[in-house]
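**Student:** Sequence first, predicted model second:
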Amino acid sequence: MITKPIPYGHQHITDEDIQAVVETLKSDYLTQGPKIAEFEHAFADYVGAKYAVAVNNATAGLHLGAIALGVKPGSKVIVTPLTFASSANCVRFCGGDVVFCDIDKDTYLLDIDKVETLLRKTPKGTYQGIIPVDFAGYPVDLEKFRRLADEYGLWIMEDACHAPGGYFVDSNGEKQLCGNGQFANVSVFSFHPVKHIATGEGGMVTTNDKSLFEKVSFYRTHGITKDSALLHKNDGGWYYEMQDLGYNYRLTDFQAALGVSQLKRASSNLAKRQEIARRYNAAFAEIDGIRTPFLSPSAYHAYHLYVIQVADRAGLYNYLREHQIYAQVHYVPLHLMPYYSAFGYRKGDFPVVEEYYDHCLSLPMFPTLSEEEQQYVIDTVLEFVS
Ligand SMILES: *Cc1c(COP(=O)(O)O)cnc(C)c1O
């Protein structure tokens, strides 16, 4: 038996984390102090990118990425419908058009063949960019997307919110960490409590492109600069210029302190997620009524989510709730949201993601899920399915 309800995801805050936040609260800086730069550098190192910009949440990070990449009214951007709303909303924030494209039935990622079909049907220059998502933590093969994007002159913004630490193996046998900037122009991570690293609200934009890095930094702080090389004039030491319309999308220093502290456990927590996935996989391997996540030797899954598919998803969802297990559905396909339906999308447009949505359920997956709790989840799932 279990003593408390089991959510699908949960943050892990240690005494060391709390200490780190308290120290920063007692320091001279509450926002944009030394912890921001420390977090940015440590995170860039962790994912293998040249540049990282800390932001107040991933939605803001995606918006900054879209601005830096030049999304404007009329820009057409290809987005997977299997994601959280922000992956598409960032295009709308800039007035661009979201063009959904169906997912692959095995990996659940944006289907590159369908993207190619879409690109072939229209003259070059019709589309500006692609936003693939490392859904559930399964890494997108960005090498393949890069090749296609280059052929059609597109940029790639990787929504890597589910996948810090995940990687795919490229055609040269090299590991390519999600967000490392080798293939995507920009990548974005979230530090919402259910994600791998928690800062309350928080996010990070990574890139290897210096000019994109500078644009993201500039629009993060109101479009204001103090850089003497960029000023139109200079009235003195106090002088700054607002050169374009930007935002306040900054992270606070005490959140960055929490991020630095959390990041130290990112690798070991990822190993725990892998272990939990292995136990689920082993328990469900022989069960006909359960489809487990797709595995490939060339993909190191970051397991933000552990998604199964079953025939009676609503039945299982309710049965688990009756047993204090709060499984979730990720996601209601975006093209079926009333907001996006108003652009003309309807049921039947993307049969693969719609079929997936009818059967998917995310089981509890977080590093502090105990073996006993997991066994209870497994037993309860099996009770219902068999
Ligand atoms: C969580 C999430 C976001 C948004 O992150 P916030 O930090 O809450 O703004 C965007 N995309 C995906 C895929 C996510 O899972």
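**Tutor:** Received the coordinates, thanks. These numbers come from a predicted model, not from an experiment. Residues are numbered from 1 along each chain as shown.
**Student:** For the stretch 1-150 of the chain, what lies in contact range of the ligand?
**Tutor:** Residues of the stretch 1-150 of the chain lying near the ligand by Cβ under 6 Å from any ligand atom: Asn57, Ala58, Thr59, Thr83, Phe84, Ser86, Ser87, Val133. Heads up, the C-betas are built off the backbone N, CA and C, glycines and all.
**Student:** Which members of those are classed as buried?
**Tutor:** Among those, those buried by neighbour count (16 or more other Cβ atoms under 10 Å) are Asn57, Ala58, Thr59, Thr83, Phe84, Ser86, Ser87, Val133.
**Student:** shouldn't the second one be in contact with His192?
**Tutor:** Yes - using Cβ atoms under 8 Å as the test, Ala58 is close enough to His192 to be in contact (7.3 Å).
**Student:** just to revisit the earlier point, for the residues of the stretch 1-150 of the chain next to the ligand, could you give me CSV that also reports pLDDT and secondary structure?
**Tutor:** Putting those into CSV (pLDDT from 0 to 100; DSSP: H, G, I helix; E, B strand; the rest coil) gives the following:
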residue, pLDDT, secondary structure
Asn57, 98, coil
Ala58, 98, helix
Thr59, 98, helix
Thr83, 98, coil
Phe84, 98, coil
Ser86, 98, helix
Ser87, 98, helix
Val133, 98, strand
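**Student:** how about those residues in TSV, adding distance to Gly65?
**Tutor:** As requested, these are exported to TSV (distance: Cβ to Cβ, whole Å):
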residue	distance to Gly65
Asn57	13
Ala58	10
Thr59	11
Thr83	14
Phe84	15
Ser86	11
Ser87	11
Val133	13
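**Student:** how about the residue nearest to the spatial centre of the chain, secondary structure?
**Tutor:** The residue lying closest to the centre of the chain (Cα atoms, centre = their mean) is Cys161, at 1.6 Å. Three-state assignment for Cys161 (DSSP: H, G, I helix; E, B strand; the rest coil): coil.
**Student:** Not counting sequence-adjacent ones, nearest residue to it?
**Tutor:** The shortest distance from Cys161 to any non-neighbouring residue, by Cβ to Cβ, 6 or more residues apart in numbering, is to Ser190 (4.0 Å).
**Student:** next one: Lys210
**Tutor:** Going by Cβ to Cβ, 6+ apart, Lys210 has Tyr51 as its nearest residue, at 7.1 Å.
**Student:** so how far is Phe384 from that neighbour?
**Tutor:** Look at Tyr51 and Phe384: by Cβ to Cβ, to the nearest Å, they are 47 Å apart.
**Student:** Against which helices or strands is whichever strand or helix holds Ala277 packed?
**Tutor:** In the assignment (DSSP states H and E), Ala277 maps to helix 266-284. Counting contacts by 3 or more Cβ pairs under 8 Å, 6 or more residues apart in numbering; DSSP states H and E, helix 266-284 is packed against strand 306-309, helix 371-385.
**Student:** now the angle from it to helix 371-385?
**Tutor:** Helix 266-284 runs at 30 degrees relative to helix 371-385, counting by axes from the mean of the first three to the mean of the last three Cα atoms, to 10 degrees.
**Student:** which ones are touching Tyr152?
**Tutor:** Leu119, Lys124, Tyr127 (Cβ atoms under 8 Å, 6 or more residues apart in numbering).
**Student:** Now the first one: phi and psi?
**Tutor:** Dihedral angles phi and psi of Leu119 (degrees, to the nearest 10) take the values phi -70, psi -40.
**Student:** ok, it - contacts?
**Tutor:** So Leu119 contacts Thr126, Tyr127, Leu148, Glu151, Tyr152 (Cβ under 8 Å, 6+ apart).
**Student:** Please produce JSON lines containing those, extended by secondary structure and pLDDT.
**Tutor:** Listed next are the contacts of Leu119 as JSON lines, based on DSSP: H, G, I helix; E, B strand; the rest coil; pLDDT from 0 to 100:
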{"residue": "Thr126", "secondary structure": "coil", "pLDDT": "97"}
{"residue": "Tyr127", "secondary structure": "coil", "pLDDT": "98"}
{"residue": "Leu148", "secondary structure": "helix", "pLDDT": "98"}
{"residue": "Glu151", "secondary structure": "helix", "pLDDT": "97"}
{"residue": "Tyr152", "secondary structure": "helix", "pLDDT": "97"}
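**Student:** distance of Tyr108 from Val99?
**Tutor:** Distance, Tyr108 to Val99, by Cβ to Cβ: 19 Å.
**Student:** Have a look at these two and say which one is more surrounded.
**Tutor:** Tyr108 (24 against 18; other Cβ atoms under 10 Å).
**Student:** For Tyr272, grab the count of nearby residues.
**Tutor:** Slight slip there: residue 272 is Lys, not Tyr. Lys272: 18 neighbours (other Cβ under 10 Å).
**Student:** With adjacent residues omitted, what lies nearest to Cys356?
**Tutor:** I think there's a mix-up here, since residue 356 is Tyr and not Cys. Tyr356 sits nearest to Tyr108 (Cβ to Cβ, 6+ apart), 6.3 Å away.
**Student:** That neighbour reaches Val307, doesn't it?
**Tutor:** Yes - between Tyr108 and Val307 there is a contact under Cβ under 8 Å: 7.3 Å.
**Student:** what touches both of those two?
**Tutor:** With Cβ under 8 Å, 6+ apart as the test, Tyr108 and Val307 both reach Ala136.
**Student:** Spell out, range by range, the helices that occur in the stretch 151-300 of the chain.
**Tutor:** Remark: helices assigned in the stretch 151-300 of the chain by DSSP state H, counting those that start in this stretch are 210-220, 253-263, 266-284.
**Student:** Please point out which parts of the longest one sit buried.
**Tutor:** Yep, that's helix 266-284 we're talking about. Ala266, Asn269, Leu270, Lys272, Arg273, Ile276, Ala277, Arg279, Tyr280, Ala283, Phe284.
**Student:** What pLDDT is listed against the fourth one?
**Tutor:** When you say that, I think you mean Lys272. We have a pLDDT of 98 for Lys272.
**Student:** do the first one as well
**Tutor:** With respect to pLDDT, Ala266 scores 97.
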